[in-house]
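Engineer: The sequence and its predicted three-dimensional model are supplied below.
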Amino acid sequence: EVQLVESGGGLVHTGGSLRLSCETSGFSFDDYRIGWFRQAPGKEREGIATINTRIRGLTSYTDSLKGRFTISRDNAQNTASLQMNSLKPEDTAVYSCAAGVGPGSWDYWGQGTQVTVSS
């Protein structure tokens, strides 16, 4: 059974930091790129960061988050992380991780973890 389980969300004040984790099982983690997404109330889901497979390890970020968020992966532990710094109230959303193989496709999704940034 494929599982992606996010953790690390919570309530933080403006300027604070959180580190989200995505624990995975049931598929060949090394072969999948991992992405982090978020969805705020009343808004569409937004892709925020991607890290390619073990071999390439390339990362990409949505422009508005560059410098504040960092995606990483630990292939030995089959986990991915999202370090979020200098958080703002507009970062409040449900954050989800996903895994995909084909270009532009995301095959597996986690349930998400709530991040709330208070002003």
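Structural biologist: Noted; the coordinates are in hand. Residues are numbered from 1 along each chain as shown.
Engineer: From now on I want contacts and neighbour counts done on CA atoms only, so please keep to that.
Structural biologist: Noted.
Engineer: Return the distance of stretch 24-42 from the chain's centre.
Structural biologist: Chain-centre distance of stretch 24-42: 7 Å, with C-alpha atoms, centre = their mean, to the nearest Å.
Engineer: An error on my part: the question was meant for stretch 50-66.
Structural biologist: The answer for stretch 50-66 is 11 Å, by C-alpha atoms, centre = their mean.
Engineer: Enumerate the positions of that stretch that are buried.
Structural biologist: T50, I51, N52, T53, T59, Y61 (16 or more other C-alpha atoms under 10 Å).
Engineer: for stretch 41-50, same thing?
Structural biologist: So, applying 16+ other C-alpha under 10 Å, buried residues of stretch 41-50: G47, I48, A49, T50.
Engineer: ok, now stretch 112-119?
Structural biologist: For stretch 112-119, by 16+ other C-alpha under 10 Å, it's G112, T113, Q114, V115, T116, V117, S118.
Engineer: Quick check: strands, which of these are part of them?
Structural biologist: Mapping the buried residues of stretch 112-119 onto strands (DSSP state E) picks out T113, Q114, V115, T116, V117, S118.
Engineer: Quick check, pLDDT for the fifth one.
Structural biologist: In the prediction, the pLDDT value recorded for V117 is 98.
Engineer: Relative to the helix or strand bottoming out on mean pLDDT in the chain, what are the paired strands and their orientations?
Structural biologist: Least confident helix or strand of the chain, by mean pLDDT, DSSP states H and E, is strand 59-61 with a mean of 90. Counting by DSSP bridges, the strands paired with strand 59-61 are strand 46-51 (antiparallel).
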